[in-house]
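1. coords please:
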Amino acid sequence: MTRCAWAGTDPVYIAYHDTEWGVPEWDARALWEKLILDGFQAGLSWITILKRRDNFRAAFAGFEPEVIAGWSEPEVERLLADPGIIRHRGKIEATIGNARAYCELGQDFSDWCWSYVDGVPIQTDRESQADVPAFTPLSTQMSKDLKKAGFRFCGPTIVYAWMQACGLVNDHVTECPRREDCAAMAGTAA
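-> Next comes the predicted model:
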């Protein structure tokens, strides 16, 4: 069996693929962190984000939405000066706005996210990376609903990548040994 081709040969990517990607995530704060990081990834490679993830966590107060929701221009300026993260004003401001949207959602973010798949990860049957779509009707709907709730940097492609990363969708290809592992963690047989 062969792991998903996107993992390549970089040890950081391989470790991410083999231990995190596709593992069902139920923690609301962790789901939010991953959505924010996927938004920062827009226009960049995921490896760029992975290699700076610890810097992001330090800069963004451990991705505690309740803390970030109270931030304003001084924190934006501090973050724009931080060489350890992606210094993009729009993405930084979106993160603060997304923290506010998270806090105002009116329900647990994990429950909200998992309701789109009825609490059970979607198990796909893709034979190769070429079979994996960039987005789906479901990621498009989630994106629209996130935007309606006040979130930004959450288009259908970002949302689908996030759904894959958080295990809402098990998109490990059929030959990847992690496919069965992630299906078992989800309580379903692939």
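2. Surely Arg52 touches Arg87?
-> No: between Arg52 and Arg87 there is no contact under CB atoms under 8 Å: 10.8 Å. (C-beta placed from N, C-alpha, C; glycine too.)
3. who's more crowded, those two?
-> The neighbour comparison of Arg52 against Arg87 (other CB atoms under 10 Å) goes to Arg52, with 18 against 12.
4. and that one, that one's in a helix?
-> Yes: under DSSP: H, G, I helix; E, B strand; the rest coil, Arg52 falls within a helix.
5. Next, find the distance separating it from Ala58.
-> According to CB to CB, to the nearest Å, Arg52 stands 10 Å off from Ala58.
6. ok, now Trp46?
-> 20 Å.
7. neighbour-wise, which of the two wins?
-> For Trp46 versus Ala58, neighbours defined as other CB under 10 Å are more numerous around Trp46 (17 against 12).
8. now the helices for this protein?
-> 11-19, 28-41, 46-59, 65-68, 73-80, 89-104, 109-115, 137-148, 156-165, 177-185 (DSSP state H).
9. Show the contacting residues for Cys113.
-> 31, 142, 166, 168 (CB atoms under 8 Å, 6 or more residues apart in numbering).
10. What residue, apart from its backbone neighbours, is nearest the third one spatially?
-> With sequence-adjacent residues excluded and distances taken as CB to CB, 6 or more residues apart in numbering, Cys166 is closest to Glu25, at 4.2 Å.
11. my read: Asp108 touches Trp26, true?
-> No: proximity of Asp108 to Trp26 does not meet the contact threshold set by CB under 8 Å, at 10.1 Å.
12. which sections of this protein are below the confidence cut-off?
-> Where the chain drops to pLDDT under 70, the residues are 1, 188-190.
13. these two touch, right, Val67 and Ala61?
-> Yes: judged on CB under 8 Å, Val67 makes contact with Ala61 at a distance of 4.5 Å.
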